[in-house]
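Student: Fold the following.
(chains A and B)
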Amino acid sequence: MKVTIFATCMVDMFQGNVGKAAVELLERLGCEIEFPESQVCCGQPAYNSGYVKESKEAMKRMIETFSDAEYVVSPSGSCAFMFNEYPHIFAGDPVWEIKAQTLAEKTYELTQFIVEVLKIEDVGASFEGNVTYHTSCHMTRLLGVKEPPMILLQNVKGLKFTELPGKEQCCGFGGTFAVKMAQISEQMVDEKVRHVEETGVDYLVGADAACLMNIGGRMERLGKPVKVLHIAEVLNSH
Amino acid sequence: MAIKIGTEQFTERVDNGIHDDFMRGAVASAQDGMSMKRKAATTEDLGNWEEWRNHGEEIRQHVLKYLDYYLEQLSENVAKLGGHVFFAQTKEEANEYIRSVVQKKKAKKIVKSKSMMTEEISLNPMLEEEGCEVVETDLGEYILQLDEHDPPSHIVAPALHKNREQVRLVFEKKLGYTKSSNPEELAYQARVTLRKKFLAADIGITGCNFAVAETGSFCLVTNEGNADLVTALPKTQITVMGMERLVPTFEEMEVLVSMLTRNAVGQKLTSYITVLTGPKEELDVDGPEEFHLVIVDNGRSNILGGEFQSVLQCIRCAACINVCPVYRHIGGHSYGSIYPGPIGAVLTPLLGGYDEYKELPYASTLCGACTEVCPVKIPLHNLLHKHREVIVEKEGKAPVSEKLLMKAFGLGAASPTLYKIGSKIVPAAMSPFISGDKISKGPGLLKAWTEIRDFPAPNKERLRDWFKNREKGEKS
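Tutor: Below you'll find the predicted structure:
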């Protein structure tokens, strides 16, 4: 099966390990990976800040970039959701609405793709460690992907799972919110860090690089020993 | 006062909220408790909750679509019952009408049941100006009123930010209360004091949870029974309602009341659900001899028919407030409005203007928790986003530095060449700030980020380069 990776700009520039793990994992599951060079940012940072006009240019670029793809898979629930928003953003546009719709229909978040399209629930990974999982808001509430990451983690050999208290609460990232409303964001991420600590785990796992960068960055600053991993990295351990 | 509370700027209000440890503890435990109760009340023995939400949305959208028809039906029916109906386009008009009733009745003593609408139009200061003694009879509102008119911090639990010791002190100072901070004793004190007020009142003023167009009735939902006394004892009654707060028939009222109580307080029903239809009839033993219904617009017509119309679906249950992670940490007063939380951040700029409230739509991570729980399916986080779009593109109120940055983003992100060059030089550009594998003190936008968190150092090799080199390796 041919899969086109939508790496996200965060992963492309700052979280290379996440992208590598996603590529290797999908290859191991039998996919042939493509990485279109013309991919840029999905436009979410500008769009969510209210700069719709500016962000639309990036969106059009992305729609064109992935026009020939059979499946578009992203290691980020939030960015995959953004592709799902495109048809609403271009609603009424005679050229772009239909193209946006086509892209949205073939876009999947990584774990969603593995469980729903590849129909694989055990990726054959083994990972020794105590793990908790952060359910990102956009991925669970807006994209509606709740079960797939849990199913895949349950089947990882050696992995001991503890549920995160207050797991439904936002970590305080929110894109530019983290810098625009820095003081509020700090309170939110601190509560999240306290919850992670309460579990006593060694690893915090998530499916959105941005949330992990927020929680991980705060834990690092506070000197907390909990390590942060993207779910692709866990599923790629064997 | 109107919808505005306090005089501080947004950042100062947030700072006060964040440093109010008691308030934060109270809000967090209320949120945690409420979310469990709400979940139980919306899932147990109700069947498919999503279908209920669809039904709730349908009812509210139907009413908004035919609002003129139902308002006319309601007012005709109230008039047929012998009541007086007044349409107030502004809060001033509403106040003037109520003032005229007060003057005609030579009223001096007024009791009120809880009403956000009367907060919105600043009714109490006007009544006090007229020399009336105005007493709030909802326990939470009563405590706030005694405490030098402390503003509400929540639309259902207005005194959420106060603990019982604080309440005891207020009672001691204002009522000469000498007993403990035991809630039962405190409530007893309030009951004794308020009972006298009910008996002596010339006019009772209520809000309105829902008005029923078909019968000219209106419905009040309380747990204290105070609304029953406000409507049963005084000879004159004035009910003040927002123009969108109505339902076609009792059938829809039953659905929405049930959704309201389950979402607001996690109860299948509240202790009292009072439905009143017109003034007292000949054989009635109690109830008002004179009934006035004041229907207030105060900016709602401008919202109707526009891109924010769905905010008028709101039934004021506060479920969105009870799950909001931002409200959790900053509390109600930080919003600077009688309407806090997600619903407040959407509604307040519409009623109070962007000049005063331009920060509110940004006080959200767009996490969608509000939208997920709203029983009438208001897309709250989308409306917050819509406000941002209006602020940036129509109002032009965004900071210049941000505009430039976003312009650059537009150019950079839309052009693969610019993106490629830009992303390639990121490691070099950031190198002065990198130590080890992280950035602890960043420039520009990263400054606010790195004040409290580390930021990862950029990849030495971008993912795209890794992928390309790997492909090359495979081929050679």
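Student: Tell me how many other residues crowd the closest residue to residue B:363 other than its chain neighbours.
Tutor: Nearest non-adjacent residue to residue B:363, counting by CB to CB, 6 or more residues apart in numbering or on different chains: residue B:326, 5.4 Å away. Just so you know, the C-beta spots here come from the backbone N, C-alpha and C atoms, and that holds for glycine as well. Other residues near residue B:326 number 28, with proximity taken as other CB atoms under 10 Å in any protein chain shown.
Student: what's the pLDDT at residue B:326?
Tutor: With respect to pLDDT, residue B:326 scores 98.
Student: How about residue B:425?
Tutor: We note a pLDDT of 76 for residue B:425 in this prediction.
Student: sorry, back to before: what secondary structure does the residue nearest to residue B:363 sit in?
Tutor: At residue B:326 the chain is in helix, as set by DSSP: H, G, I helix; E, B strand; the rest coil.
Student: Tell me which residues touch it, please.
Tutor: Residue B:326 makes contact with A:181, A:184, A:188, B:363-365, according to CB atoms under 8 Å, 6 or more residues apart in numbering or on different chains.
Student: Surely residue B:297 and residue B:88 touch.
Tutor: Yes: contact criterion CB atoms under 8 Å: residue B:297 and residue B:88 qualify, at 6.6 Å.
Student: Can you tell me how far the residue nearest to residue B:363 is from residue B:9?
Tutor: Computed with CB to CB, to the nearest Å, the distance linking residue B:326 and residue B:9 is 17 Å.
Student: Then residue A:211?
Tutor: Counting by CB to CB, the gap from residue A:211 to residue B:9 is 30 Å.
Student: Which of those two has more residues huddled nearby?
Tutor: residue A:211 (28 against 11).
Student: Residue A:47 versus the more buried one, what's the distance?
Tutor: Distance, residue A:211 to residue A:47, by CB to CB: 18 Å.
Student: still on that earlier bit, closest one of the contacts of residue B:326 to residue B:77?
Tutor: Among the contacts of residue B:326, residue B:364 lies closest to residue B:77 (CB to CB), at 40.4 Å.
Student: Tell me the confidence at the spatially closest residue to the closest one that is not a sequence neighbour?
Tutor: Take residue B:364 and drop its neighbours on the chain: the residue closest to it by CB to CB, 6+ apart is residue B:384, 5.0 Å away. pLDDT, residue B:384: 98.
Student: Name the residues that touch the helix or strand hosting residue B:384?
Tutor: Residue B:384 is part of helix B:380-389 when elements are defined by DSSP states H and E. Residues outside helix B:380-389 that contact it (CB under 8 Å, 6+ apart): A:48-50, A:52, B:307-308, B:310-311, B:320, B:342-343, B:345-346, B:349, B:360-362, B:364, B:366-368, B:370-371, B:374.
Student: after that helix, next one along is what?
Tutor: Reading on from helix B:380-389 to the C-terminus, the next helix or strand found by DSSP H and E is helix B:400-414.
Student: what residues does that next one touch?
Tutor: Around helix B:400-414, the neighbours that count as contacts under CB under 8 Å, 6+ apart are A:9, A:40-41, A:43, A:45-46, A:49, A:51, A:53-55, A:57-58, A:60-61, B:392, B:418-419, B:422, B:445.
Student: One more: stretch B:66-76?
Tutor: So stretch B:66-76 is in contact with B:63, B:85, B:87, B:211-214, B:216, B:243-244, B:246, B:248, B:293, B:295, B:304, going by CB under 8 Å, 6+ apart.
Student: What's the PyMOL syntax to select whichever of those are buried?
Tutor: Those of the contacts of stretch B:66-76 that count as buried under 16 or more other CB atoms under 10 Å in any protein chain shown are selected in PyMOL with:
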select buried, chain B and resi 63+85+211+212+213+214+216+243+244+246+248+293+295+304
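Student: and which of the contacts of stretch B:66-76 is nearest to chain A?
Tutor: Comparing the contacts of stretch B:66-76 against chain A with CB to the nearest CB places residue B:304 closest, at 21.6 Å.
Student: is it true that the closest one touches residue B:61?
Tutor: No: using CB under 8 Å, residue B:304 makes no contact with residue B:61, being 11.9 Å away.
Student: Can you find the helix or strand of the chain with the lowest average pLDDT?
Tutor: Using chain A here. helix A:9-13 (a mean of 90; mean pLDDT, DSSP states H and E).
Student: The chain in question should be chain B.
Tutor: Across the helices and strands of chain B, mean pLDDT, DSSP H and E gives its lowest value to helix B:400-414, namely a mean of 76.
Student: near chain A at all, the helix or strand that that one is followed by?
Tutor: Following the chain from helix B:400-414 toward its C-terminal end, the next helix or strand by DSSP H and E is helix B:416-430. Yes: remark: helix B:416-430 sits within contact range of chain A at B:416, B:419-420, B:423, B:426, by CB under 8 Å from any CB of the partner chain.
Student: Buried members of those into PyMOL, please.
Tutor: In PyMOL, the members of those classed as buried (16+ other CB under 10 Å) are selected with the following command:
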select buried, chain B and resi 416+419+420+423+426
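Student: how about the strands in chain A?
Tutor: Per DSSP state E, chain A has strands spanning A:2-5, A:32-34, A:71-74, A:107-109, A:126-134, A:157-161, A:203-206, A:227-230. These are given in chain order.
Student: For the first one, list every residue counted as buried.
Tutor: If I follow you right, that is strand A:2-5. Neighbour counts over strand A:2-5 (16+ other CB under 10 Å) mark A:3-5 as buried.
Student: Can you add distance to residue B:92 and pLDDT and give the residues you listed back as a markdown table?
Tutor: Below are the buried residues of strand A:2-5 laid out as a markdown table (distance: CB to CB, whole Å; pLDDT from 0 to 100):
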| residue | distance to residue B:92 | pLDDT |
| --- | --- | --- |
| A:3 | 63 | 98 |
| A:4 | 61 | 98 |
| A:5 | 60 | 97 |
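Student: Now stretch A:228-238: average pLDDT?
Tutor: Per-residue pLDDT over stretch A:228-238 has a mean of 97.
Student: what about that stretch, start to end distance?
Tutor: End-to-end span of stretch A:228-238 (CA to CA, to the nearest Å): 18 Å.
Student: which residues sit against that stretch?
Tutor: Applying CB under 8 Å, 6+ apart, the contact partners of stretch A:228-238 are A:15, A:17-18, A:21-22, A:24-25, A:28, A:75, A:110-111, A:114, A:123-127, A:131, A:133, A:149, A:152-153, A:156, A:159, A:203-207, A:209, A:212, A:215-216, A:219.
Student: Separate out the buried members of those residues.
Tutor: If you count burial by 16+ other CB under 10 Å, the buried members of those come out as A:15, A:17-18, A:21-22, A:24-25, A:75, A:110-111, A:114, A:123, A:125, A:127, A:131, A:133, A:149, A:152-153, A:156, A:159, A:203-207, A:209, A:212, A:215-216, A:219.
Student: Now do the contacts for the residue located most distally from the centre of chain A.
Tutor: For chain A, the C-alpha farthest from the mean C-alpha position belongs to residue A:94; by CA atoms, centre = their mean, that distance is 30.4 Å. With contacts defined as CB under 8 Å, 6+ apart, residue A:94 is in contact with no residue.
Student: now it: how far from residue A:41?
Tutor: The separation that residue A:94 has from residue A:41, given CB to CB, amounts to 25 Å.
Student: How many residues are close by residue B:282?
Tutor: There are 4 residues near residue B:282, going by other CB under 10 Å.
Student: So what does it have for phi and psi?
Tutor: Taking degrees, to the nearest 10, you get phi -50, psi -40 for the backbone angles of residue B:282.
Student: The helix ranked longest in chain A close to chain B?
Tutor: Among the elements of chain A assigned as helix by DSSP state H, the one spanning the most residues is helix A:182-199. Yes: applying CB under 8 Å from any CB, one finds that helix A:182-199 is in contact with chain B at A:182-189, A:191.
Student: middle-most residue in the chain, spatially?
Tutor: Defaulting to chain A. Within chain A, the residue whose C-alpha comes closest to the C-alpha centroid is residue A:76; the distance, by CA atoms, centre = their mean, is 1.7 Å.
Student: Oops, wrong one, chain B.
Tutor: When CA atoms, centre = their mean is applied to chain B, the residue found nearest the centroid is residue B:339 (3.7 Å).
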